[in-house]
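Asker: structural data only, the sequence is not supplied:
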């Protein structure tokens, strides 16, 4: 929710990088609920049917050249927003052609691809620099490196509403006992998680 917080979504053309990741799946569903006109997502061929069920209207095969595929899909109309849940910097050389002027590029991982802690930390530096350029109006789009915080907790209530009503599908991959926390972290770093991991701190009596 923070990736799209306070952005008008209805009738917008959106690209989700990493659409089959845990965050990407929720984001795709939320974009569909909020009325996005076109939702393109990057994913592997094996995840194509799943993300379409969640609301994706176009697919970018991340196993092939992402930039060429994206450029092919902006010939008539650039994207209004790009939400990055995976990482990478392939699009930036042509970003003026890909994003509308004044468009938005939000990332939760920065430039380094992957889904683990190492990827997040390694991508931070360039993202901060790009964010500074955005705040100083040195680039023609808004760039944001989104971190979880409590500055605007109102999105939590909205997310709970969507989940409780069944509009948003929850994906749970594995459940670990608290003593298995190191194994859970190792599994996250593999990038193979297909949903959230649950850590049982204490069994209910």
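Answerer: That came through fine. None of these values were measured; they are calculated from a predicted model.

Asker: walk me through the domains of this structure.
Answerer: 2-145, 171-205 (automatic domain parsing).

Asker: closest to residue 162 out of those domains?
Answerer: Minimum separation from residue 162 across the domains of the chain (Cβ to Cβ) falls at domain 2-145, 6.6 Å. Backbone N, C-alpha and C define where each C-beta goes, glycine included.

Asker: now that closest one, how far from the centre of its chain.
Answerer: Counting by Cα atoms, centre = their mean, to the nearest Å, domain 2-145 is centred 6 Å from the centre of its parent chain.

Asker: what pairs with the longest strand along the chain, parallel or antiparallel?
Answerer: Criterion DSSP state E: the longest strand present in the chain is strand 99-107. When pairing is defined by DSSP bridges, strand 99-107 lines up against strand 79-84 (parallel), strand 142-145 (parallel).

Asker: contact partners for residue 1?
Answerer: Residues in contact with residue 1 (Cβ atoms under 8 Å, 6 or more residues apart in numbering) are 30, 155-156, 158-159.

Asker: could the domains of the chain go into TSV alongside mean neighbour count?
Answerer: What follows is those, written out as TSV (neighbours: other Cβ atoms under 10 Å):
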stretch	mean neighbour count
domain 2-145	18
domain 171-205	12
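
Asker: circling back to that earlier point, which pair of the contacts of residue 1 spans the longest distance?
Answerer: Farthest apart among the contacts of residue 1 by Cβ to Cβ are 30 and 156. That separation is 13.2 Å.

Asker: the most centrally placed residue in the chain and residue 157, how far apart?
Answerer: The centre of the chain sits closest to residue 85, judged by Cα atoms, centre = their mean, with a distance of 3.1 Å. Distance, residue 85 to residue 157, using Cβ to Cβ, to the nearest Å: 23 Å.

Asker: same check, this time on residue 29
Answerer: From residue 29 to residue 157 the distance is 17 Å (Cβ to Cβ).

Asker: same deal with residue 52?
Answerer: For residue 52, the distance to residue 157 (Cβ to Cβ) stands at 29 Å.

Asker: tell me the contacts of residue 167?
Answerer: 29, 33.
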